[in-house]
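A.B. asks: Quick one, structure for this:
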Amino acid sequence: MMDYTKLTDKELLTLCIYGEARGETPLGKLGVAHVVLNRAAKPRWWGHDVQSVILRHQQFSCFNKSDPNAKHLEIMANSGYYDPACLQVAVLALEGYTIDPTNGADHYCVENCDVAWRDKLKEVARIGKHVFFVEA
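C.D. replies: Numbers count the residues shown, from 1 in each chain. Just a heads-up that it's a prediction; the model follows:
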């Protein structure tokens with residue numbers, strides 16, 4: 001099993017964007033990146049930095065062992081080759097060159113997901129197939 005704690009924030013965020021939004025437009029990828037950054041900026045139970053937010057148990061499904069994306073992430077991390085489009089978004093977001101398209105979202109899901117927490121949060125944006133939320 002991959003030890004993701006050895007990766008840099010840039011590598012981890014790139015993997016997260018790839019696993020959660022590789023089929024989305026650059027704006028959709030940026031939305032996922034900003035959810036990570038928004039969580040790190042206001043740490044609660046999510047974590048206090050990019051690594052702890054991304055690796056928090058069951059927060060980003062692509063890192064769950066049972067998720068089909070997990071295998072792709074391990075291959076990418078082990079090879080050191082990262083998807084260029086996702087890497088570019090990660091770098092720009094981490095270096096502060098982007099504006100948050102999610103209006104401060106700290107949660108998201110795909111449009112048709114049925115999760116218990118969805119009705120308890122305020123919807124703040126829709127980008128591609130993702131719906132973004134903030135805790136009210």
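
A.B. asks: Could you list the low-confidence segments of this protein?
C.D. replies: Applying pLDDT under 70 to the chain flags the ranges 1.

A.B. asks: how would you label the spatially most central residue of the chain: helix, strand or coil?
C.D. replies: Most central in the chain under CA atoms, centre = their mean is residue 32, positioned 4.2 Å from the mean C-alpha point. Put simply, residue 32 is helix when judged by DSSP: H, G, I helix; E, B strand; the rest coil.

A.B. asks: So it is in contact with residue 17, correct?
C.D. replies: Yes - Residue 32 lies in contact with residue 17 (CB atoms under 8 Å); the separation is 5.3 Å. All C-beta atoms are positioned from the backbone trio N, CA, C, and that covers glycine.

A.B. asks: which residues in the protein form helices?
C.D. replies: 9-21, 26-41, 50-55, 68-79, 84-94 (DSSP state H).

A.B. asks: nearest to residue 133, of those?
C.D. replies: Counting by CB to CB, residue 133 lies closest to helix 26-41 out of the helices of the chain; the figure is 9.3 Å.

A.B. asks: Any figure for the gap between residue 17 and residue 113?
C.D. replies: For residue 17, the distance to residue 113 (CB to CB, to the nearest Å) stands at 18 Å.

A.B. asks: ok, now residue 47?
C.D. replies: Distance of residue 47 to residue 113, computed by CB to CB: 22 Å.

A.B. asks: Give me the more crowded residue out of the two.
C.D. replies: More crowded of residue 47 and residue 113, by other CB atoms under 10 Å: residue 47, with 17 against 11.

A.B. asks: tell me the contacts of that one?
C.D. replies: 39, 40, 53, 54, 55, 56 (CB atoms under 8 Å, 6 or more residues apart in numbering).

A.B. asks: Which residue is the nearest non-sequential neighbour of residue 37?
C.D. replies: residue 93 (6.2 Å; CB to CB, 6 or more residues apart in numbering).
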